[in-house]
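J.: Got a sequence here, can you model it:
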Amino acid sequence: MEKVLKVTQVQSGSQAENLGMQIGDVIAVYNSERISSDNELSMAVHNARNQKKEKVEITVVRNGSKVKMSATPEPLGILCAEKFARSQESSASEPHGELYQTKYGVTLALCSLFSFVGWAIVFLGFLAAFFGFASEGRFSLMVVLPMLGVSVTGFFIIMGAQVTRATVDNADHTREILKALRSRS
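T.: Predicted coordinates:
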């Protein structure tokens, strides 16, 4: 399993559109540098500019096939997402493959819901503390402390949701690693 940079949007009139890049293409190589993240692509473009290159070669993987393109070292005009992919060939030198889907979609949706509820509780707690303070006209611990307690409870709900999300992501990655190891034996 490896990280890849998948094109999610090609801006109209951009260099990428003129080159024929498509949504779903995986950017594998830019100017002889392997690419697996937005940061790596930005650095490769920057390096090509500093080297005063007139043309750079880009290799994308489209439906399992390599497509080479010649471009200028200017921004491509694309939006990308970093994804994890399982390599379909024995050679791991080219990042492509099938993107996996989580088996814990309901859990992830519940994590998002609990995070939203937690933030709502935090906001309402601070709001109630502020209005309680404003209505008293003076600082009163009897009004402010319970509302701050509500806000702290909201933070605990958010933390629980985030820990659960991290656990689910870890389970997904572990499952994919085990699947890849089993397929090699």
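J.: So which residues of the protein form helices?
T.: For the chain, the helices defined by DSSP state H cover 15-19, 38-50, 105-136, 141-184.
J.: Would you indicate which residues of the shortest one are buried?
T.: In this case it means helix 15-19. Taking 16 or more other CB atoms under 10 Å as the basis for neighbour counts, the residues of helix 15-19 that come out buried are Q15, A16, L19. Heads up, the C-betas are built off the backbone N, CA and C, glycines and all.
J.: pLDDT (mean, whole number) over it?
T.: Within the predicted structure, the mean pLDDT of helix 15-19 is 91.
J.: ok, back up a step: need the winner for burial among the helices of the chain.
T.: Burial among these, expressed as mean neighbours by mean count of other CB atoms under 10 Å, is greatest for helix 15-19, which shows a mean of 18.
J.: That helix packs against which elements?
T.: Here helix 15-19 is seen to pack against strand 2-10, strand 65-71 when contacts are counted using 3 or more CB pairs under 8 Å, 6 or more residues apart in numbering; DSSP states H and E.
J.: And that helix, how far out from the chain middle?
T.: 24 Å (CA atoms, centre = their mean, to the nearest Å).
J.: how about the nearest residue to V60, chain neighbours excluded?
T.: If you skip the residues right next to it in sequence, V60 has D25 as its closest partner in space, 4.2 Å away by CB to CB, 6 or more residues apart in numbering.
J.: so who does that neighbour touch?
T.: Contact partners of D25, counting by CB atoms under 8 Å, 6 or more residues apart in numbering, are K6, V7, V60, V61, R62, V67.
J.: likewise Y104?
T.: If a contact means CB under 8 Å, 6+ apart, then Y104 has V168, A171, D172 as its contacts.
J.: same deal with G24?
T.: In this structure, G24 makes contact with K6, V7, R62, judged by CB under 8 Å, 6+ apart.
J.: is it true that the last one touches I27?
T.: No - contact between R62 and I27 fails when scored by CB atoms under 8 Å: they sit 10.6 Å apart.
J.: more neighbours, those two?
T.: Between R62 and I27, counting by other CB atoms under 10 Å, I27 is the more crowded of the two (27 against 15).
J.: hey, what's the more buried one bridged with?
T.: Listed by DSSP bridges, the beta-bridge partners for I27 are L5, V60.
J.: Surely it and V7 touch.
T.: Yes - the criterion here is CB under 8 Å, and I27 meets it with V7 at 6.8 Å.
J.: Need the overlap of contacts for those two.
T.: Counting by CB under 8 Å, 6+ apart, the residues touching both I27 and V7 are V60, C80.
J.: All set, thanks.
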